[in-house]
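Visitor: Make a model of this:
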Amino acid sequence: MREKAISEYHEFLAADEGLTPDLFARLKAAMNTNRLLYGQREIGVALRPHLLTRRQYDLLTYRSRVLAGAFEQIAAALLEQPALMPRMGLSELERRLARIDPGYKHATITSRLDGFFLGDELKFVEYNAENPSSLTDQAGLNQVLFELRALQQFAERYRLRQFAPVAGLLHALLTTWREWGGSGAPHIAILDWPDLPTEHEFVLLRNYLVSSGLPAVICAPDELEYSGGHGKKLRRGAFQIDLVYKRVIYNEFLARYDETQPLLQAYRDHAVCLINPFRCKLLHKKASFEFLTDEVYHRWFSAEALRVIAHSIPWTRRVTERKVQYGEQEYDLLALLRRERERFILKPNDDYGGRGLLFGKSASIAEWDEALERALASDYVAQEVLALQTEEFPIFNEYTWNLQPMYVDTNPFIFRGEVEGAMVRLSDSPIVNVTSGGGETGFFVLEEG
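Guide: Have a look, this model is predicted:
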């Protein structure tokens, strides 16, 4: 069904004589008007949305829910056995902050898995347990694409379902706020550094929250104050903050401030509901995949979770000098990585934007050895590489369009363990990341009937 539907969509495009530079300019103008931008760059690059069948989406949601539960089991186990935290690559400060009770049960409230469909297989390569980006992109890109006659014709022939990640976020924020002990409508601060390329998303999210009856501001960590004597409150100027929706990355935050920073003081005093909490770092490190795939820790998980892990998670280990089990044999890890370099990719344990990634198959022996030395000197993981596949998408620029093979990932948004939609990225490189120069497209599920 999916292949047939995509073929028909491309036929609609090929027959459309209205696909002119004027139309492409209108699409780009619409993205600018609706803040569908990364910095000054429009994020939409394709004339077709990503399409999954209902069966594929059900598989995506099922495995994501199970894995979200497994990650929460990791957090619970590490909090019960804090001596294991250094194995995750957590600093002493990160370990101390992780032990502060955030006032609710989940270690992460909003998260995103980054995954790839490989034929009938579904694999996940990273877990973004800090608040993920691009929640507002999906519905906006779908709306822009409906300017195309091809999508209008397609919607007359197929039943399409789209999703509302921002609604999922709102529900998660309010549910967590009440669990934390709050009542009424919280005053919300969206927290990140100023002048980031993602600031357009903050504006869209603030407008959505305000239109939903929740006072909201966008602010930077330096704007926060925590004062008032007994019953102190976190504020940005005259705006009292009840709930912080944190978008700033914690390792960048902790690199700039000590524990007298107002947010840290308010969080420790249980004076603000912080989402996601500092303990999300227990899961955001890429070494969390080692805890999923190392048999030593399998006692933490249910039989159902172990089945999903076996089908969905590539073998992953922090790069240290030690023995590891790989398949049926025990190996020296570094010797294994040198001998089988084409099977692996190196990733920084705690970074984003595709920075620092190196595929063994694209590196020379000397380059790989140098990378392993850097990995040992810092904090990296080695992960079994996926045999990624491309899919044809109609890519457009200011003047024309053509079908191009693109790598596509499908990244479900997870709110308190439940899935609502996905971020879809496209790239001509196997490093599929908007920060690294890739783009996005809309997303629909093809319903049966």
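Visitor: so where do the helices sit in the stretch 1-150 of the chain?
Guide: Defined through DSSP state H, counting those that start in this stretch, the helices belonging to the stretch 1-150 of the chain, from first to last, are 2-15, 21-33, 54-80, 92-98, 137-145, 149-157.
Visitor: Would you format these as TSV with mean pLDDT included?
Guide: Compiled in TSV, the helices of the stretch 1-150 of the chain are given as follows (pLDDT from 0 to 100):
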stretch	mean pLDDT
helix 2-15	96
helix 21-33	96
helix 54-80	97
helix 92-98	95
helix 137-145	94
helix 149-157	96
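Visitor: got any ranges where the protein has weak pLDDT?
Guide: Counting by pLDDT under 70, the low-confidence segments of the chain come to 229-230, 434-437, 449.
Visitor: wait, which of the helices of the stretch 1-150 of the chain is closest to Val296?
Guide: Distances from Val296 to each of the helices of the stretch 1-150 of the chain were compared by C-beta to C-beta, and the smallest falls on helix 54-80, at 11.5 Å. In short, each C-beta sits where N, CA and C put it, glycine included.
Visitor: distance between the closest one and the chain's centre?
Guide: Its chain's C-alpha centre lies 14 Å from the corresponding centre of helix 54-80 when counted by C-alpha atoms, centre = their mean, to the nearest Å.
Visitor: now do stretch 197-216
Guide: The gap between where stretch 197-216 is centred and where its chain is centred comes out at 19 Å by C-alpha atoms, centre = their mean.
Visitor: now swap in stretch 77-97 and tell me
Guide: Per C-alpha atoms, centre = their mean, the centroid offset for stretch 77-97 relative to its chain is 22 Å.
Visitor: Need the CA coordinates for it. CSV is fine.
Guide: Taking only C-alpha atoms (Å, rounded to 0.1, in the frame of the first residue of the first chain), the coordinates of stretch 77-97 have been written out as CSV:
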residue,chain,number,x,y,z
ALA,A,77,18.0,1.2,39.1
LEU,A,78,20.7,3.9,39.1
LEU,A,79,19.0,5.9,41.8
GLU,A,80,18.9,2.7,43.9
GLN,A,81,22.5,1.9,43.1
PRO,A,82,24.2,5.2,42.7
ALA,A,83,27.6,3.5,42.6
LEU,A,84,26.7,2.5,39.0
MET,A,85,26.2,6.1,37.9
PRO,A,86,29.8,6.7,36.9
ARG,A,87,29.4,3.9,34.3
MET,A,88,26.9,6.2,32.5
GLY,A,89,29.6,8.9,32.3
LEU,A,90,27.9,11.2,34.8
SER,A,91,30.0,13.8,36.5
GLU,A,92,30.0,14.1,40.2
LEU,A,93,27.8,17.2,40.0
GLU,A,94,25.4,15.5,37.6
ARG,A,95,25.2,12.5,40.0
ARG,A,96,24.4,14.8,42.9
LEU,A,97,21.7,16.7,40.9
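Visitor: Can you give the contact residues for that stretch?
Guide: Taking C-beta atoms under 8 Å, 6 or more residues apart in numbering as the criterion, the residues outside stretch 77-97 that touch it are 98-99, 250, 254, 259, 264, 278-279, 281-282, 285, 287-288, 290-291, 297, 300, 318, 349-350, 379.
Visitor: Go through those residues and flag which are in helices.
Guide: Ala98, Tyr250, Leu254, Leu264, Lys281, Leu282, Ser288, Glu290, Phe291 (DSSP state H).
Visitor: before we move on, back to that, kindly give a single PyMOL line that selects the buried subset of the contacts of stretch 77-97.
Guide: Per 16 or more other C-beta atoms under 10 Å, the buried members of the contacts of stretch 77-97 correspond to this PyMOL selection:
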select buried, resi 98+250+254+264+278+279+281+282+285+287+288+290+291+297+300+318+349+350+379
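Visitor: ok, which pair from the ones in helices among the contacts of stretch 77-97 is furthest apart?
Guide: Taking C-beta to C-beta, the two most distant members of those are Leu264 and Glu290; they sit 28.6 Å apart.
Visitor: Report whether Tyr331 is found in a strand, as I expect.
Guide: Yes - according to DSSP: H, G, I helix; E, B strand; the rest coil, Tyr331 belongs to a strand.
Visitor: Wait, it touches Arg317, no?
Guide: No - Tyr331 lies out of contact with Arg317 (C-beta atoms under 8 Å); the separation is 10.4 Å.
Visitor: Show me the common contact partners of the two, please.
Guide: Val324.
Visitor: Among the two, which residue is more densely surrounded?
Guide: Ranked by neighbour count (other C-beta atoms under 10 Å), Tyr331 and Arg317 place Arg317 first, with 23 against 16.
Visitor: Just list the residues touching the more buried one, thanks.
Guide: Each residue near Arg317 by C-beta under 8 Å, 6+ apart is listed here: Glu290, Asp294, Val324, Leu333, Val381, Ala382.
Visitor: between the helices of the stretch 1-150 of the chain, which one is nearest to Thr175?
Guide: Between Thr175 and the helices of the stretch 1-150 of the chain, the tightest spacing by C-beta to C-beta is seen for helix 54-80, at 15.0 Å.
Visitor: Any idea how many residues pack against the nearest residue to Gly18 once chain neighbours are set aside?
Guide: Spatially, and ignoring its direct neighbours in sequence, Gly18 is nearest to Arg149 (6.3 Å; C-beta to C-beta, 6 or more residues apart in numbering). As a burial measure, the neighbour count of Arg149 was computed by other C-beta under 10 Å and equals 16.
Visitor: shouldn't Arg149 be in contact with Ala15?
Guide: No - in this structure, Arg149 is not within contact of Ala15 by C-beta under 8 Å, at 9.1 Å.
Visitor: In stretch 365-378, which of the residues would be classed as buried?
Guide: When neighbours are counted by 16+ other C-beta under 10 Å, the buried residues of stretch 365-378 are found to be Trp368, Ala371, Leu372, Ala375.
Visitor: tell me the SS of the second one?
Guide: Here Ala371 is helix, with the state taken from three-state DSSP.
Visitor: which stretches of the stretch 301-449 of the chain form helices?
Guide: If you assign secondary structure with DSSP H, counting those that start in this stretch, the helices in the stretch 301-449 of the chain sit at 303-312, 333-339, 365-377.
Visitor: mind putting the ones you listed in TSV, distance to Val203 included?
Guide: As requested, these are exported to TSV (distance: least, C-beta to C-beta, whole Å):
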stretch	distance to Val203
helix 303-312	35
helix 333-339	44
helix 365-377	38
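Visitor: wait, which of these is closest to Glu420?
Guide: The closest approach between Glu420 and any of these, judged by C-beta to C-beta, belongs to helix 303-312 at 19.3 Å.
Visitor: For Ala25, give me its contacts.
Guide: Counting by C-beta under 8 Å, 6+ apart, Ala25 touches Glu398.
Visitor: ok, it to Thr108 distance?
Guide: For Ala25, the distance to Thr108 equals 41 Å [C-beta to C-beta, to the nearest Å].
Visitor: before we move on, what about Ser227?
Guide: Relative to Thr108, Ser227 is positioned 30 Å away (criterion: C-beta to C-beta).
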